[in-house]
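Undergrad: sequence and predicted structure, then a few things I'm wondering about:
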Amino acid sequence: NAGVTQTPKFRVLKTGQSMTLLCAQDMNHEYMYWYRQDPGMGLRLIHYSVGEGTTAKGEVPDGYNVSRLKKQNFLLGLESAAPSQTSVYFCASSEELAANTGELFFGEGSRLTVL
Amino acid sequence: GENVEQHPSTLSVQEGDSAVIKCTYSDSASNYFPWYKQELGKRPQLIIDIRSNVGEKKDQRIAVTLNKTAKHFSLHITETQPEDSAVYFCAPRGDDKIIFGKGTRLHILP
């Protein structure tokens, strides 16, 4: 099993450009999350999804959009990138909390630089 | 989760000594209490967790204690080793929205 896979792993953008980060999980998890982590900082929740076709806002949703058209995929979009969006982005997935565990499984991260 | 605070933000301990990190939360519906470890340049990974019907859980040198009445839980690392140097995060969970604490950077001094 690959677990949680993020693509791309690195990307450099110019201000105003758009891009999409793809997160794919092969564990049949219902819940998926996008976090950003700035240098020396914690993980801040951008958006999350509790199942196919659903999305919800997290702590810092502005400037981002998401889609969950398929259960295994969670896409994070930047419509008009800004230097403040330079960060490492982590995707994570989990089973429902009612199951045996509520553990979050993370991807390796995607490093995005906006010039 | 909702409001989640971790203390201290940085902790330096001598190798072999113990380390304790505390996490406080505001959401009384929280019922799953994990600790994640993030090594430099790596992804966060679960190291120990506890559910609300248990007060303490131990796994070799690490343990987690929960005080649900006071809304806090703590990570205890005994006999610290160089490989324990990392950032540790709590992420109490009661519903779908998972908020992380700001992290505690643990330095193990030789």
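TA: Cool, got the structure.

Undergrad: and the residue nearest the centre of chain A, what is it in contact with?
TA: In chain A, the C-alpha closest to the average C-alpha coordinate belongs to residue A:34, at a distance of 2.7 Å (C-alpha atoms, centre = their mean). The contact partners of residue A:34, taken as C-beta atoms under 8 Å, 6 or more residues apart in numbering or on different chains, are A:21, A:23, A:45-48, A:58, A:64, A:66, A:74, A:76, A:89-91. Using the backbone N, CA and C atoms, a C-beta is placed for each residue, glycine as well.

Undergrad: the strands in the chain, which residues?
TA: Picking chain A for this. Along chain A, counting by DSSP state E, strands occupy A:4-7, A:10-13, A:19-25, A:31-37, A:43-49, A:56-57, A:65-67, A:73-78, A:87-94, A:105-106, A:110-114.

Undergrad: wrong chain, I was asking about chain B
TA: Going by DSSP E, chain B shows strands at B:4-7, B:10-14, B:19-25, B:32-38, B:45-51, B:56-59, B:62-67, B:72-77, B:86-90, B:104-109.

Undergrad: nearest to residue A:4, of those?
TA: Judged by C-beta to C-beta, the one of the strands of chain B that comes nearest to residue A:4 is strand B:45-51, at 11.6 Å.

Undergrad: which stretches of the chain have low pLDDT?
TA: I went with chain A, as the question did not name one. For chain A, residues meeting the criterion pLDDT under 70 lie at A:1, A:98-100.

Undergrad: actually it's chain B I care about, not the one you picked
TA: If you take pLDDT under 70 as the line, chain B has these spans: B:1.

Undergrad: enumerate the residues of it near chain A.
TA: Applying C-beta under 8 Å from any C-beta of the partner chain, we find that chain B lies next to chain A at B:31-32, B:34, B:36, B:43-46, B:49, B:89, B:91, B:93-103.

Undergrad: swap the cut-off to 7 Å and go again
TA: B:32, B:34, B:43-44, B:46, B:49, B:89, B:93, B:96-103 (C-beta under 7 Å from any C-beta of the partner chain).
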